[in-house]
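S.K.: sequence? don't have it. structure:
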(Lines give C-alpha, C1' and ligand atoms only; values in the text may rest on other atoms or scores of the structure.)
Protein backbone atom coordinates (compact mmCIF):
# COMPACT_ATOMS: atom_id res chain seq x y z
CA UNK A 1 0.00 0.00 0.00
CA UNK A 2 2.98 2.32 0.56
CA UNK A 3 3.64 2.44 -3.19
CA UNK A 4 0.01 3.41 -3.82
CA UNK A 5 0.29 6.43 -1.52
CA UNK A 6 3.56 7.46 -3.17
CA UNK A 7 1.90 7.36 -6.58
CA UNK A 8 -1.04 9.42 -5.31
CA UNK A 9 1.37 12.03 -3.94
CA UNK A 10 3.13 12.18 -7.30
CA UNK A 11 -0.22 12.63 -9.07
CA UNK A 12 -1.12 15.54 -6.81
CA UNK A 13 2.22 17.22 -7.51
CA UNK A 14 1.80 16.69 -11.24
CA UNK A 15 -1.71 18.12 -11.13
CA UNK A 16 -0.36 21.27 -9.46
CA UNK A 17 2.38 21.51 -12.09
CA UNK A 18 -0.21 21.06 -14.84
CA UNK A 19 -2.30 24.01 -13.65
CA UNK A 20 0.77 26.19 -13.06
CA UNK A 21 2.07 25.29 -16.53
CA UNK A 22 -1.20 26.23 -18.16
CA UNK A 23 -1.28 29.46 -16.18
CA UNK A 24 2.18 30.63 -17.24
CA UNK A 25 2.80 28.81 -20.52
CA UNK A 26 -0.71 28.14 -21.83
CA UNK A 27 -2.10 29.84 -24.89
CA UNK A 28 -3.01 33.44 -24.19
CA UNK A 29 -5.50 33.81 -27.03
CA UNK A 30 -7.76 31.43 -28.87
CA UNK A 31 -6.83 31.21 -32.52
CA UNK A 32 -9.09 30.28 -35.41
CA UNK A 33 -8.86 26.49 -35.86
CA UNK A 34 -7.24 25.20 -39.03
CA UNK A 35 -9.70 22.92 -40.80
CA UNK A 36 -8.27 19.99 -42.77
CA UNK A 37 -9.58 18.00 -45.74
CA UNK A 38 -8.52 14.40 -46.23
CA UNK A 39 -9.09 12.98 -49.73
CA UNK A 40 -10.69 9.57 -49.23
CA UNK A 41 -10.75 8.55 -52.90
CA UNK A 42 -6.97 8.54 -53.08
CA UNK A 43 -6.75 6.14 -50.14
CA UNK A 44 -9.28 3.80 -51.73
CA UNK A 45 -7.56 4.12 -55.10
CA UNK A 46 -4.25 2.99 -53.58
CA UNK A 47 -6.04 0.25 -51.64
CA UNK A 48 -7.81 -0.94 -54.79
CA UNK A 49 -4.55 -0.84 -56.72
CA UNK A 50 -2.82 -3.02 -54.13
CA UNK A 51 -5.71 -5.47 -54.08
CA UNK A 52 -5.95 -5.83 -57.83
CA UNK A 53 -2.18 -6.15 -58.17
CA UNK A 54 -2.18 -8.90 -55.58
CA UNK A 55 -5.02 -10.71 -57.34
CA UNK A 56 -3.34 -10.34 -60.71
CA UNK A 57 -0.20 -11.94 -59.35
CA UNK A 58 -2.12 -14.84 -57.82
CA UNK A 59 -4.66 -15.50 -60.56
CA UNK A 60 -2.86 -14.09 -63.56
CA UNK A 61 -5.83 -11.87 -64.43
CA UNK A 62 -9.17 -10.61 -63.15
CA UNK A 63 -12.21 -11.66 -65.17
CA UNK A 64 -9.85 -12.26 -68.07
CA UNK A 65 -8.88 -8.61 -68.42
CA UNK A 66 -5.69 -7.10 -67.07
CA UNK A 67 -7.06 -3.58 -67.71
CA UNK A 68 -9.87 -3.84 -65.15
CA UNK A 69 -7.65 -2.70 -62.30
CA UNK A 70 -6.78 0.59 -64.01
CA UNK A 71 -10.36 1.11 -65.19
CA UNK A 72 -11.67 0.63 -61.68
CA UNK A 73 -9.10 3.06 -60.33
CA UNK A 74 -10.23 5.70 -62.83
CA UNK A 75 -13.83 5.21 -61.72
CA UNK A 76 -12.79 5.95 -58.18
CA UNK A 77 -10.81 9.11 -58.90
CA UNK A 78 -12.13 11.22 -61.79
CA UNK A 79 -15.31 12.98 -60.59
CA UNK A 80 -16.72 16.49 -60.60
CA UNK A 81 -19.12 16.15 -57.67
CA UNK A 82 -17.70 16.40 -54.14
CA UNK A 83 -18.99 14.88 -50.89
CA UNK A 84 -17.77 16.33 -47.60
CA UNK A 85 -17.89 14.14 -44.50
CA UNK A 86 -18.03 15.73 -41.04
CA UNK A 87 -17.95 13.71 -37.81
CA UNK A 88 -19.88 14.70 -34.71
CA UNK A 89 -19.62 12.67 -31.51
CA UNK A 90 -21.59 14.68 -28.99
CA UNK A 91 -21.44 14.74 -25.19
CA UNK A 92 -24.01 15.97 -22.69
CA UNK A 93 -23.19 19.66 -23.15
CA UNK A 94 -22.59 19.42 -26.92
CA UNK A 95 -19.23 21.17 -26.52
CA UNK A 96 -18.22 19.55 -29.82
CA UNK A 97 -20.44 22.08 -31.59
CA UNK A 98 -17.51 24.53 -31.48
CA UNK A 99 -15.53 22.42 -33.94
CA UNK A 100 -18.69 21.58 -35.90
CA UNK A 101 -19.51 25.21 -36.64
CA UNK A 102 -16.02 25.94 -37.98
CA UNK A 103 -15.98 22.78 -40.12
CA UNK A 104 -19.39 23.62 -41.59
CA UNK A 105 -18.25 27.18 -42.31
CA UNK A 106 -15.20 25.84 -44.16
CA UNK A 107 -17.35 23.51 -46.27
CA UNK A 108 -19.91 26.21 -47.09
CA UNK A 109 -17.13 28.48 -48.33
CA UNK A 110 -16.06 26.01 -51.04
CA UNK A 111 -19.02 23.69 -51.70
CA UNK A 112 -21.17 24.17 -54.80
CA UNK A 113 -24.93 24.33 -54.10
CA UNK A 114 -26.95 21.85 -56.11
CA UNK A 115 -23.79 19.88 -56.96
CA UNK A 116 -21.90 18.90 -53.81
CA UNK A 117 -23.23 16.94 -50.83
CA UNK A 118 -22.49 17.03 -47.11
CA UNK A 119 -22.53 13.94 -44.90
CA UNK A 120 -22.51 14.07 -41.10
CA UNK A 121 -21.49 10.94 -39.20
CA UNK A 122 -23.48 11.44 -36.02
CA UNK A 123 -23.11 9.66 -32.69
CA UNK A 124 -24.88 11.17 -29.68
CA UNK A 125 -27.35 10.20 -26.93
CA UNK A 126 -28.34 13.85 -26.53
CA UNK A 127 -27.86 16.39 -23.79
CA UNK A 128 -28.65 20.02 -23.00
CA UNK A 129 -31.44 21.75 -24.90
CA UNK A 130 -29.46 24.87 -25.85
CA UNK A 131 -26.34 22.88 -26.79
CA UNK A 132 -28.14 20.56 -29.19
CA UNK A 133 -30.44 23.32 -30.37
CA UNK A 134 -27.33 25.17 -31.55
CA UNK A 135 -25.88 22.00 -33.11
CA UNK A 136 -29.14 21.48 -35.04
CA UNK A 137 -29.06 25.08 -36.23
CA UNK A 138 -25.52 24.55 -37.52
CA UNK A 139 -26.73 21.62 -39.66
CA UNK A 140 -29.61 23.77 -40.90
CA UNK A 141 -27.01 26.12 -42.41
CA UNK A 142 -26.02 23.33 -44.80
CA UNK A 143 -29.54 22.94 -46.15
CA UNK A 144 -30.08 26.69 -46.31
CA UNK A 145 -27.04 26.86 -48.59
CA UNK A 146 -28.72 24.49 -51.07
CA UNK A 147 -26.58 21.44 -50.28
CA UNK A 148 -28.00 17.97 -49.75
CA UNK A 149 -27.42 16.83 -46.16
CA UNK A 150 -27.23 13.16 -45.19
CA UNK A 151 -26.81 12.00 -41.60
CA UNK A 152 -25.23 8.60 -40.94
CA UNK A 153 -25.90 6.89 -37.61
CA UNK A 154 -23.93 3.77 -36.68
CA UNK A 155 -24.63 3.68 -32.94
CA UNK A 156 -27.01 6.25 -31.47
CA UNK A 157 -28.92 9.43 -32.30
CA UNK A 158 -31.30 9.96 -29.43
CA UNK A 159 -32.97 13.01 -27.89
CA UNK A 160 -30.77 15.99 -28.90
CA UNK A 161 -28.90 13.63 -31.22
CA UNK A 162 -32.09 12.89 -33.11
CA UNK A 163 -32.97 16.60 -33.05
CA UNK A 164 -29.80 17.08 -35.10
CA UNK A 165 -30.44 14.11 -37.38
CA UNK A 166 -33.98 15.21 -38.21
CA UNK A 167 -32.63 18.29 -40.01
CA UNK A 168 -31.12 16.10 -42.75
CA UNK A 169 -32.61 15.44 -46.18
CA UNK A 170 -31.80 11.78 -45.62
CA UNK A 171 -31.11 9.71 -42.47
CA UNK A 172 -29.20 6.45 -42.91
CA UNK A 173 -28.74 4.22 -39.86
CA UNK A 174 -27.13 0.88 -39.04
CA UNK A 175 -29.70 -1.84 -38.17
CA UNK A 176 -29.09 -1.82 -34.41
CA UNK A 177 -28.47 1.90 -33.93
CA UNK A 178 -30.61 3.54 -31.23
CA UNK A 179 -33.03 6.14 -32.58
CA UNK A 180 -35.61 8.42 -30.99
CA UNK A 181 -36.03 9.50 -27.35
CA UNK A 182 -38.10 12.51 -28.43
CA UNK A 183 -38.74 13.83 -24.95
CA UNK A 184 -37.38 16.11 -22.24
CA UNK A 185 -36.06 15.17 -18.79
CA UNK A 186 -34.94 17.13 -15.75
CA UNK A 187 -33.58 15.40 -12.66
CA UNK A 188 -31.36 16.30 -9.73
CA UNK A 189 -31.08 15.55 -6.01
CA UNK A 190 -32.81 17.91 -3.58
CA UNK A 191 -31.01 18.31 -0.24
CA UNK A 192 -33.56 20.53 1.51
CA UNK A 193 -34.56 17.91 4.10
CA UNK A 194 -30.92 17.09 4.85
CA UNK A 195 -30.10 20.81 5.25
CA UNK A 196 -33.10 21.26 7.53
CA UNK A 197 -31.96 18.31 9.67
CA UNK A 198 -28.69 20.11 10.44
CA UNK A 199 -30.46 23.37 11.27
CA UNK A 200 -29.40 25.19 8.11
CA UNK A 201 -31.83 27.54 6.43
CA UNK A 202 -31.38 27.97 2.68
CA UNK A 203 -32.75 31.19 1.26
CA UNK A 204 -32.99 32.37 -2.34
CA UNK A 205 -33.74 35.98 -3.27
CA UNK A 206 -34.96 36.84 -6.76
CA UNK A 207 -36.37 39.79 -8.67
CA UNK A 208 -39.15 38.27 -10.73
CA UNK A 209 -41.34 35.41 -9.52
CA UNK A 210 -40.22 33.05 -12.29
CA UNK A 211 -36.49 33.72 -11.96
CA UNK A 212 -36.06 30.49 -9.99
CA UNK A 213 -38.46 27.57 -9.71
CA UNK A 214 -36.81 24.38 -8.40
CA UNK A 215 -33.28 23.76 -7.20
CA UNK A 216 -31.04 21.39 -5.29
CA UNK A 217 -31.06 23.08 -1.88
CA UNK A 218 -34.28 25.00 -1.31
CA UNK A 219 -37.72 23.51 -0.63
CA UNK A 220 -39.70 22.76 -3.76
CA UNK A 221 -43.11 24.39 -3.52
CA UNK A 222 -46.14 23.25 -5.57
CA UNK A 223 -46.09 26.52 -7.54
CA UNK A 224 -42.37 26.16 -8.33
CA UNK A 225 -42.85 22.56 -9.43
CA UNK A 226 -45.76 23.60 -11.63
CA UNK A 227 -43.65 26.28 -13.34
CA UNK A 228 -40.81 23.80 -13.88
CA UNK A 229 -43.11 21.20 -15.43
CA UNK A 230 -44.53 23.88 -17.72
CA UNK A 231 -41.01 24.70 -18.92
CA UNK A 232 -40.41 21.04 -19.74
CA UNK A 233 -43.75 20.82 -21.56
CA UNK A 234 -42.92 23.96 -23.59
CA UNK A 235 -39.52 22.55 -24.58
CA UNK A 236 -41.14 19.23 -25.53
CA UNK A 237 -43.63 21.11 -27.71
CA UNK A 238 -40.78 22.91 -29.48
CA UNK A 239 -39.00 19.58 -29.96
CA UNK A 240 -42.10 18.05 -31.54
CA UNK A 241 -42.57 21.10 -33.76
CA UNK A 242 -38.94 20.77 -34.88
CA UNK A 243 -39.48 17.13 -35.89
CA UNK A 244 -42.77 17.92 -37.64
CA UNK A 245 -41.17 20.74 -39.64
CA UNK A 246 -38.16 18.72 -40.78
CA UNK A 247 -39.82 15.30 -41.14
CA UNK A 248 -43.50 15.89 -41.98
CA UNK A 249 -43.85 12.19 -42.85
CA UNK A 250 -43.47 11.27 -39.17
CA UNK A 251 -46.46 10.87 -36.85
CA UNK A 252 -44.98 13.08 -34.15
CA UNK A 253 -47.62 12.41 -31.51
CA UNK A 254 -46.96 8.69 -31.84
CA UNK A 255 -43.18 8.86 -31.50
CA UNK A 256 -42.80 11.79 -29.05
CA UNK A 257 -43.06 9.55 -25.99
CA UNK A 258 -39.39 9.49 -25.06
CA UNK A 259 -39.01 5.90 -26.26
CA UNK A 260 -35.95 4.60 -28.08
CA UNK A 261 -36.06 2.15 -30.99
CA UNK A 262 -33.53 0.28 -33.07
CA UNK A 263 -33.12 1.67 -36.57
CA UNK A 264 -34.93 -1.32 -38.05
CA UNK A 265 -37.98 -0.43 -35.96
CA UNK A 266 -37.51 3.29 -36.54
CA UNK A 267 -37.67 2.73 -40.30
CA UNK A 268 -41.32 1.65 -40.00
CA UNK A 269 -42.09 4.88 -38.13
CA UNK A 270 -40.24 6.89 -40.80
CA UNK A 271 -37.72 8.22 -38.28
CA UNK A 272 -34.98 7.06 -40.66
CA UNK A 273 -34.95 6.61 -44.44
CA UNK A 274 -32.53 3.75 -45.03
CA UNK A 275 -30.83 0.91 -43.16
CA UNK A 276 -27.13 0.74 -43.93
CA UNK A 277 -23.81 1.03 -42.10
CA UNK A 278 -21.84 4.19 -42.78
CA UNK A 279 -18.94 2.33 -44.45
CA UNK A 280 -21.23 1.01 -47.16
CA UNK A 281 -22.74 4.43 -47.78
CA UNK A 282 -19.32 6.09 -48.07
CA UNK A 283 -18.09 3.45 -50.52
CA UNK A 284 -21.13 4.14 -52.70
CA UNK A 285 -20.30 7.86 -52.70
CA UNK A 286 -16.73 7.17 -53.85
CA UNK A 287 -18.11 5.73 -57.09
CA UNK A 288 -19.92 8.96 -57.98
CA UNK A 289 -17.98 11.74 -56.29
CA UNK A 290 -14.72 12.92 -54.77
CA UNK A 291 -15.10 12.30 -51.05
CA UNK A 292 -13.33 14.33 -48.36
CA UNK A 293 -13.14 13.93 -44.61
CA UNK A 294 -13.40 17.33 -42.92
CA UNK A 295 -11.76 17.56 -39.51
CA UNK A 296 -10.10 19.85 -37.00
CA UNK A 297 -6.65 18.61 -35.93
CA UNK A 298 -6.29 18.27 -32.18
CA UNK A 299 -3.88 20.88 -30.86
CA UNK A 300 -2.14 20.19 -27.55
CA UNK A 301 0.85 21.87 -26.00
CA UNK A 302 4.00 19.86 -25.33
CA UNK A 303 3.30 20.17 -21.60
CA UNK A 304 -0.19 18.71 -22.05
CA UNK A 305 1.18 15.74 -23.99
CA UNK A 306 3.90 15.04 -21.40
CA UNK A 307 1.48 15.24 -18.48
CA UNK A 308 -1.12 13.07 -20.24
CA UNK A 309 1.56 10.46 -20.86
CA UNK A 310 2.74 10.55 -17.24
CA UNK A 311 -0.80 10.44 -15.87
CA UNK A 312 -1.54 7.47 -18.11
CA UNK A 313 1.42 5.54 -16.73
CA UNK A 314 0.46 6.40 -13.16
CA UNK A 315 -3.15 5.34 -13.71
CA UNK A 316 -2.03 1.95 -15.03
CA UNK A 317 0.25 1.50 -12.03
CA UNK A 318 -2.54 2.34 -9.58
CA UNK A 319 -4.84 -0.11 -11.33
CA UNK A 320 -2.20 -2.86 -11.17
CA UNK A 321 -1.59 -2.27 -7.45
CA UNK A 322 -5.33 -2.22 -6.75
CA UNK A 323 -5.92 -5.47 -8.62
CA UNK A 324 -3.02 -7.10 -6.79
CA UNK A 325 -4.26 -5.95 -3.37
CA UNK A 326 -7.78 -7.20 -4.11
CA UNK A 327 -6.52 -10.59 -5.21
CA UNK A 328 -4.51 -10.87 -1.99
CA UNK A 329 -7.59 -10.04 0.07
CA UNK A 330 -9.65 -12.66 -1.73
CA UNK A 331 -7.02 -15.34 -1.17
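M.R.: Perfect, I can see it now. Remember, predicted model here, so these are calculated numbers, not experimental data.

S.K.: care to break the chain down by domain?
M.R.: Dividing the chain into domains by automatic domain parsing, as the record does, gives the ranges 33-181+259-299, 182-247, 301-331.

S.K.: what ranges does the stretch 151-300 of the chain have for its helices?
M.R.: Using DSSP state H, counting those that start in this stretch, the helices of the stretch 151-300 of the chain run over 160-165, 192-197, 222-246, 252-255, 263-268, 278-288.

S.K.: which of these is buried the deepest?
M.R.: By mean neighbour count, with neighbours taken as mean count of other CB atoms under 10 Å, helix 160-165 ranks first of the helices of the stretch 151-300 of the chain at a mean of 28. Any C-beta I mention is one placed from the backbone N, CA and C, and that applies to glycine too.

S.K.: helices or strands up against that helix?
M.R.: strand 117-124, helix 129-144, strand 148-158, strand 178-180, helix 222-246 (3 or more CB pairs under 8 Å, 6 or more residues apart in numbering; DSSP states H and E).

S.K.: repeat the analysis, applying 10 Å as the threshold.
M.R.: Using 3 or more CB pairs under 10 Å, 6 or more residues apart in numbering; DSSP states H and E as the contact criterion, the secondary-structure elements in contact with helix 160-165 are strand 82-89, strand 117-124, helix 129-144, strand 148-158, strand 170-173, strand 178-180, helix 222-246.

S.K.: would CSV of these with distance to residue 98 and mean pLDDT be doable?
M.R.: Compiled in CSV, these are given as follows (distance: least, CB to CB, whole Å; pLDDT from 0 to 100):
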stretch, distance to residue 98, mean pLDDT
strand 82-89, 11, 96
strand 117-124, 15, 98
helix 129-144, 10, 97
strand 148-158, 19, 98
strand 170-173, 24, 98
strand 178-180, 25, 98
helix 222-246, 22, 95
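
S.K.: what's the burial count for residue 259?
M.R.: One way to gauge burial is a neighbour count; for residue 259, by other CB atoms under 10 Å, it gives 15.

S.K.: OK, contacts around it?
M.R.: Taking CB atoms under 10 Å, 6 or more residues apart in numbering as the contact definition, residue 259 lies against 158, 179-183, 265, 269.

S.K.: now with 8 Å?
M.R.: By CB atoms under 8 Å, 6 or more residues apart in numbering, residue 259 lies in contact with 180-181.

S.K.: one step back: highest mean neighbour count out of the domains of the chain?
M.R.: Here the criterion is mean neighbour count by mean count of other CB under 10 Å, and of the domains of the chain the winner is domain 33-181+259-299, at a mean of 18.

S.K.: to the chain's geometric centre, what's the distance from it?
M.R.: Between the mean C-alpha point of domain 33-181+259-299 and the mean C-alpha point of its chain there is a distance of 13 Å (CA atoms, centre = their mean, to the nearest Å).

S.K.: picking that back up, which among the helices and strands packed on helix 160-165 is found nearest to residue 255?
M.R.: Distances from residue 255 to each of the helices and strands packed on helix 160-165 were compared using CB to CB; the shortest belongs to strand 178-180, at 6.4 Å.

S.K.: ok so, going back, export the helices and strands packed on helix 160-165 to TSV and tack on distance to residue 198?
M.R.: Below are those laid out as TSV (distance: least, CB to CB, whole Å):
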stretch	distance to residue 198
strand 82-89	43
strand 117-124	40
helix 129-144	34
strand 148-158	40
strand 170-173	51
strand 178-180	43
helix 222-246	23
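
S.K.: re the thing from before, tabulate the helices of the stretch 151-300 of the chain in JSON lines, adding columns for distance to residue 116.
M.R.: Rendered in JSON lines, the data for the helices of the stretch 151-300 of the chain read as follows (distance: least, CB to CB, whole Å):
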{"stretch": "helix 160-165", "distance to residue 116": "20"}
{"stretch": "helix 192-197", "distance to residue 116": "56"}
{"stretch": "helix 222-246", "distance to residue 116": "21"}
{"stretch": "helix 252-255", "distance to residue 116": "31"}
{"stretch": "helix 263-268", "distance to residue 116": "26"}
{"stretch": "helix 278-288", "distance to residue 116": "11"}
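
S.K.: ok, which of those helices comes nearest residue 295?
M.R.: Distances from residue 295 to each of those were compared by CB to CB, and the smallest falls on helix 278-288, at 14.5 Å.

S.K.: helices and strands around that closest one, which ones?
M.R.: Using 3+ CB pairs under 8 Å, 6+ apart, the elements in contact with helix 278-288 are helix 40-59, helix 68-77, strand 117-124, strand 148-158.

S.K.: for whichever strand or helix holds residue 101, packing partners?
M.R.: Secondary-structure assignment from DSSP states H and E places residue 101 in helix 97-110. Applying 3+ CB pairs under 8 Å, 6+ apart, one finds that helix 97-110 makes contact with strand 82-89, helix 129-144, strand 290-295.

S.K.: residue 275 is nearest to which of the ones you listed?
M.R.: With CB to CB as the criterion, residue 275 lies closest to strand 82-89 of those, at 19.4 Å.

S.K.: fine by me, thanks again.
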